[in-house]
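[1] Prediction below, plus the sequence it came from.
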Amino acid sequence: MVSEKMYELGSKRSVIREIFEFGKKRAEEVGVENVYDFSIGNPNVPAPEAVKKAILEILEEENPVDIHSYTSAQGDLKVRDTLAESINKRFSTSFSGNNLYMTVGAAASIHICFSALANPGDEFITFAPYFPEYRCFVEAAGGKLVVVPAKIEDFQIDFEEFEKRINEKTKAVIVNTPNNPSGVVYTEETITKLAKVLENKAKEYGHAIYLISDEPYREIAYDVEVPYLTKYYDNTFVCYSYSKSLSLPGERIGYIVVPSEMEEFNKVYAAICGAGRALGYVCAPSLFQKVVAKCAGITADISIYKKNRDLLYEGLIKLGYKCVKPEGAFYLFPQALEKDAYAFTEKAKKYDLLIVPGDDFGCPGHVRISYCVTTDQILRALPAFEKLAKEYK
């Protein structure tokens, strides 16, 4: 007999993947140019030229055995030192390579953190709307995910609801800013208040409460500063990925930052290493460790996402849709034009508009629209969004 829990996960695709697969089949029927697929967060901006240059330099100049060899379990120390220096330069921090653990992307990073921290009965709090896989990762680690309902007028944290849910079982709080799916960036005021609540509750309960910052969209922010959370709260893990900033989602490369200021740093870092070992996430791909080190501080051309955001957001608002304007990432999260977001997304398929219901993100009545697509697709899709809106007038 197999694990029923794993069978359930493996036999049921996420709603995002279901819609994405539907889109591929539909494109075969009517032509890809006639399907407006806004379902998946796959960057459409190419990796910067620096990535190609770095790969070629490594392949041509370095020892071919070393390029593809195992690194230390937590990643090559020179790579970690280089990335730490880049973080320090950008955010006025004081990390060394010993504060970093290289991982196979942000999903691995957060899963490692959950597994490193969780004991039976521990609770992990997050704020709707949230990345659906958090639940899968937390439960796999033996914890329980607790969700704070969304404050839909601005998608900042609802602190009244948060304080109802934090208790002596709370092990960590997970934040994702810029946010998938809302695109909202938590303000410095929100982060400062969150840190204060965590400090007070940790003292009240007599144990550390950790903050896990899930940051694959950090660089994709539009005319707004994204606070670096270790500067506000010592017990913070930063989980980072190059999937979005360098347009490398298929290469699965990122890192965890564990600050030296964290309580029992040595024990916590060892637990991160242990979780990486138990999950099989040791020794992130060695070639791409070297690549991201050579490309430290560089990003893909994110100006394209800003152009797409402005075009789609302004277009939908003119058509009568209601939406909090995103300040980062590459998603819009408008209200559906009826209470049942699933019914709304099914109706959208009549016009070959593929959008994702917000229920799995913990926010019924909303839909996620990924605008990491060509600008031309957005222009061609706006008349379809108009036809959809007219059905509700």
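    Nice, thanks for sending it over.
[2] For the stretch 51-200 of the chain, just list every one of the strands.
    Applying DSSP state E, counting those that start in this stretch to the stretch 51-200 of the chain gives strands spanning 100-103, 123-127, 144-148, 170-175.
[3] Only the buried residues of stretch 258-269, if you could.
    V258, P259, M262, F265, V268, Y269 (16 or more other C-beta atoms under 10 Å). C-beta: built from backbone N, CA, C; applies to glycine.
[4] Of the residues you listed, which is the nearest to G31?
    Lowest distance from G31 to the buried residues of stretch 258-269 (C-beta to C-beta) belongs to V258, with 49.3 Å.
[5] State the number of residues packed around the residue nearest to F159 when sequence neighbours are not counted.
    Spatial nearest neighbour of F159, chain neighbours left out: K193 (6.4 Å); criterion: C-beta to C-beta, 6 or more residues apart in numbering. K193 has 17 neighbours, counted by other C-beta atoms under 10 Å.
[6] K193 against D158, yeah?
    No. Counting by C-beta atoms under 8 Å, K193 does not reach D158; the two are 11.4 Å apart.
[7] thinking again about what came up before, T82: which of the strands of the stretch 51-200 of the chain is closest?
    strand 100-103 (9.8 Å).
[8] care to break this protein down by domain?
    As given by automatic domain parsing, the domain ranges for the chain are 4-47+301-390, 67-294.
[9] so where do the helices sit in the stretch 201-350 of the chain?
    Remark: helices assigned in the stretch 201-350 of the chain by DSSP state H, counting those that start in this stretch are 265-279, 286-294, 303-318, 341-348.
[10] Rebuild these as a markdown table, extending it with distance to T230 and mean pLDDT.
    Formatted as a markdown table, the helices of the stretch 201-350 of the chain follow (distance: least, C-beta to C-beta, whole Å; pLDDT from 0 to 100):
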| stretch | distance to T230 | mean pLDDT |
| --- | --- | --- |
| helix 265-279 | 12 | 98 |
| helix 286-294 | 20 | 98 |
| helix 303-318 | 26 | 97 |
| helix 341-348 | 36 | 96 |
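[11] what's near enough to touch K322?
    Going by C-beta atoms under 8 Å, 6 or more residues apart in numbering, K322 touches P334, Q335.
[12] Repeat the analysis, applying 10 Å as the threshold.
    Listed by C-beta atoms under 10 Å, 6 or more residues apart in numbering, the contact set of K322 reads I152, L316, P334, Q335, A336, L337, H366.
[13] now R218
    90, 177-178, 185, 226, 228, 238, 240-241, 244-245, 299, 328-329.
[14] Please report which of these has the highest neighbour count.
    Neighbour counts for the contacts of R218, by other C-beta under 10 Å, peak at A329, which reaches 30 neighbours.
[15] How much space separates N88 from T190?
    Noted for N88: a distance of 25 Å to T190, by C-beta to C-beta, to the nearest Å.
[16] More neighbours: which of the two?
    Comparing N88 with T190 by other C-beta under 10 Å, the one with more neighbours is T190, at 18 against 13.
[17] what's the residue nearest to D360 when sequence neighbours are not counted in contact with, if anything?
    Sequence neighbours aside, P132 is the residue nearest to D360 in space, at 4.5 Å (criterion: C-beta to C-beta, 6+ apart). Counting by C-beta under 10 Å, 6+ apart, P132 touches S14, V15, I16, N180, P181, D359, D360, F361, G362.
[18] Show me the two of these that sit farthest apart.
    Pairwise across those, and taking C-beta to C-beta, the largest span is found between N180 and D359, at 15.1 Å.
[19] Nearest the geometric middle of this structure, what residue?
    For the chain, the residue nearest the mean C-alpha position is P216 (4.7 Å; C-alpha atoms, centre = their mean).
[20] What distance do you get for it to I317?
    As for P216, its distance to I317 is 27 Å (criterion: C-beta to C-beta).
[21] Poorly predicted segments of the stretch 151-300 of the chain, please.
    The model of the stretch 151-300 of the chain has no residue with pLDDT under 70.
[22] Check the stretch 1-150 of the chain too.
    By pLDDT under 70, the stretch 1-150 of the chain has no low-scoring segment.
[23] before we move on, the earlier item: so who does the residue nearest to F159 touch?
    By C-beta under 10 Å, 6+ apart, K193 lies in contact with Q156, I157, F159, F162, Y186, T187, Y232.
[24] Which of these sits closest to E204?
    Distance to E204, by C-beta to C-beta, is smallest for F162 among these, at 14.5 Å.
[25] check contacts around the closest one.
    Applying C-beta under 10 Å, 6+ apart, the residues near F162 are I125, F127, V146, V148, P149, K151, V173, K193, L194, V197.
[26] List the beta-bridge partners for the closest residue to S109 other than its chain neighbours.
    Leaving aside its chain neighbours, S109 sits nearest to C239 (3.5 Å; criterion: C-beta to C-beta, 6+ apart). Going by DSSP bridges, C239 is paired in beta bridges with D214, I256.
[27] I'd say C239 and Y210 touch.
    No. Counting by C-beta atoms under 10 Å, C239 does not reach Y210; the two are 11.7 Å apart.
[28] The nearest residue to E188 once chain neighbours are set aside - how many residues pack around it?
    Nearest residue to E188, sequence neighbours excluded (C-beta to C-beta, 6+ apart): P227, at 5.2 Å. P227: 19 surrounding residues under other C-beta under 10 Å.
[29] Quick check: P227 vs T187, distance?
    Applying C-beta to C-beta, the value for P227 to T187 is 8 Å.
[30] just F333 next, same as before
    Between F333 and T187 the computed distance is 17 Å (C-beta to C-beta).
[31] Neighbour count: those two, which is higher?
    Comparing F333 with T187 by other C-beta under 10 Å, the one with more neighbours is F333, at 26 against 17.
[32] was I right about that one contacting G358?
    Yes. With contact defined as C-beta under 10 Å, F333 counts as touching G358 (6.7 Å).
[33] Relative to T126, how far out is R135?
    9 Å.
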